[in-house]
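[1] With the sequence up front, the predicted model follows.
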Amino acid sequence: GNSVTQMEGPVTLSEEAFLTINCTYTATGYPSLFWYVQYPGEGLQLLLKATKADDKGSNKGFEATYRKETTSFHLEKGSVQVSDSAVYFCALRKGGGADGLTFGKGTHLIIQP
Amino acid sequence: NAGVTQTPKFQVLKTGQSMTLQCAQDMNHNSMYWYRQDPGMGLRLIYYSASEGTTDKGEVPNGYNVSRLNKREFSLRLESAAPSQTSVYFCASSVSTGTGGTEAFFGQGTRLTVV
């Protein structure tokens, strides 16, 4: 079956540090890949996505590249801010399916001033 | 821009009680989903509805039932609540396409405690 593995936190960084959150997946076929962010007390918001190999998704300074050869979709940001503190979820969705997203367990990111 | 609206936001139930969580979306999406979020477990799919009139089990359906009332509304029912159902419940919706590349939009969640 499909699965998503991401580094578990909490990950604590200082403001302006470089961020990498690793995500790898197992899936048949060619899934679409997503990063969602959850701020305290809120629902999940889409951060970025990529739908095919070598696509790069980007938003709000965050980037992730769909690497089929390594089945990875690592999230990066060059300079984090305190406001980036949140829980980040990597997820996949099978092509052609309306049967929902498969999520990783989430990575809690804490940015210290 | 309401998006996906869930009610209630908080609920405390006694073991054995029943309740229905309500979800409505105003984006004209075909597909709707119910997830539960537990610490260290991420989000797990309970049930989904690919289109109006259809529902299917997800990863963790035991103890739950769903109803796709119309295109907008998708409810989740706990017939006899158990402490193991203490969780945060999220409803989501998405457009269904053949490529699967469309994202899901989430509600704000319902925090349910069963005592």
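    Thanks, I have the structure now. Residues are numbered from 1 along each chain as shown, chains lettered A, B, ... in the order given.
[2] the strands in chain A, which residues?
    A:3-6, A:11-14, A:19-21, A:23-26, A:32-38, A:44-50, A:56-59, A:62-65, A:75-77, A:86-93, A:102-103, A:107-112 (DSSP state E).
[3] So for B:Asn65, which of those sits nearest?
    Counting by Cβ to Cβ, B:Asn65 lies closest to strand A:102-103 out of these; the figure is 22.7 Å. C-beta: built from backbone N, CA, C; applies to glycine.
[4] May I have the strands that pair with the closest one, each with its orientation?
    strand A:86-93 (antiparallel) (DSSP bridges).
[5] circling back to that earlier point, now the strands of chain A as TSV including mean pLDDT and mean neighbour count?
    Shown next, in TSV, are the strands of chain A (pLDDT from 0 to 100; neighbours: other Cβ atoms under 10 Å in any protein chain shown):
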stretch	mean pLDDT	mean neighbour count
strand A:3-6	94	19
strand A:11-14	96	14
strand A:19-21	97	17
strand A:23-26	96	18
strand A:32-38	95	25
strand A:44-50	94	20
strand A:56-59	96	14
strand A:62-65	98	20
strand A:75-77	98	19
strand A:86-93	94	24
strand A:102-103	92	23
strand A:107-112	96	16
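[6] Out of these, the one nearest B:Asn30 is which?
    Per Cβ to Cβ, nearest to B:Asn30 of the strands of chain A: strand A:86-93, 14.3 Å.
[7] how about the residues of chain A near chain B?
    Counting by Cβ under 8 Å from any Cβ of the partner chain, chain A comes close to chain B at A:4, A:8, A:31-32, A:34, A:36, A:42-46, A:49, A:51, A:89, A:93-106.
[8] which regions of chain B sit below the pLDDT cut-off?
    B:1, B:96-101 (pLDDT under 70).
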